[in-house]
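1. Pasting the sequence and the predicted model now:
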Amino acid sequence: MKEIISCCGVVCTSCEYYPEICAGCPAIEGKAFWLEYTGGVICDIYKCCILEKKLPHCGKCEELACHRYFDTPDPTKTQEENEADFKRQMKQLRRMK
């Protein structure tokens, strides 16, 4: 299976929600399933990176890691899980830079 990586550094194909619950941000265009818990329409990170700045991923952004990573934790996960995810995302984005 080809590895799919979201603009925020999540390896979609390694995510527990892939592919049954979420097909990955490149496919769903930032409309993550967990937005139903926050009332959002599109992930703020995806919106900023892909739609506004037209970057391939956040590793190309001078503001990495910006407030969006902390303002939009996955509400289906604990704080510890979100912190571990953040560390994995930053490591992935540094590799992609």
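-> Received the coordinates, thanks.

2. Name the helix or strand of this protein that has the lowest mean pLDDT.
-> None of the helices or strands of the chain scores lower by mean pLDDT, DSSP states H and E than helix 35-38, at a mean of 88.

3. May I have that one exported as CSV, CA atoms only?
-> Output in CSV follows, covering the C-alpha atoms of helix 35-38 (Å, rounded to 0.1, in the frame of the first residue of the first chain):
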residue,chain,number,x,y,z
LEU,A,35,-15.0,18.0,13.0
GLU,A,36,-18.5,16.9,13.9
TYR,A,37,-17.3,17.1,17.5
THR,A,38,-16.0,20.7,17.1
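
4. The following helix or strand past that helix packs against which elements?
-> The helix or strand immediately downstream of helix 35-38 is helix 44-46, counting by DSSP states H and E. Applying 3 or more CB pairs under 8 Å, 6 or more residues apart in numbering; DSSP states H and E, we find helix 44-46 packed against helix 68-71. Where C-beta positions appear, they are placed from N, C-alpha and C, glycine not excepted.

5. what's the offset of the helix it packs on from the middle of its chain?
-> Mean-position distance between helix 68-71 and its chain equals 10 Å (CA atoms, centre = their mean, to the nearest Å).

6. What are the buried residues along it?
-> For helix 68-71, the neighbour count (16 or more other CB atoms under 10 Å) marks Arg68, Tyr69 as buried.

7. and if you look at stretch 56-73?
-> Buried residues in stretch 56-73 (16+ other CB under 10 Å): His57, Cys58, Gly59, Cys61, Leu64, Ala65, Arg68, Tyr69, Thr72, Pro73.

8. Where is pLDDT lowest across the residues you listed?
-> Scanning the buried residues of stretch 56-73 for pLDDT, the low point is Thr72. It has 72.

9. isn't that one right up against Lys47?
-> No. Proximity of Thr72 to Lys47 does not meet the contact threshold set by CB atoms under 8 Å, at 10.2 Å.

10. sec struct for Leu93, please.
-> Classification of Leu93 by DSSP: H, G, I helix; E, B strand; the rest coil places it in helix.

11. That one: how many residues sit nearby?
-> The number of residues packed near Leu93 is 21, by other CB atoms under 10 Å.
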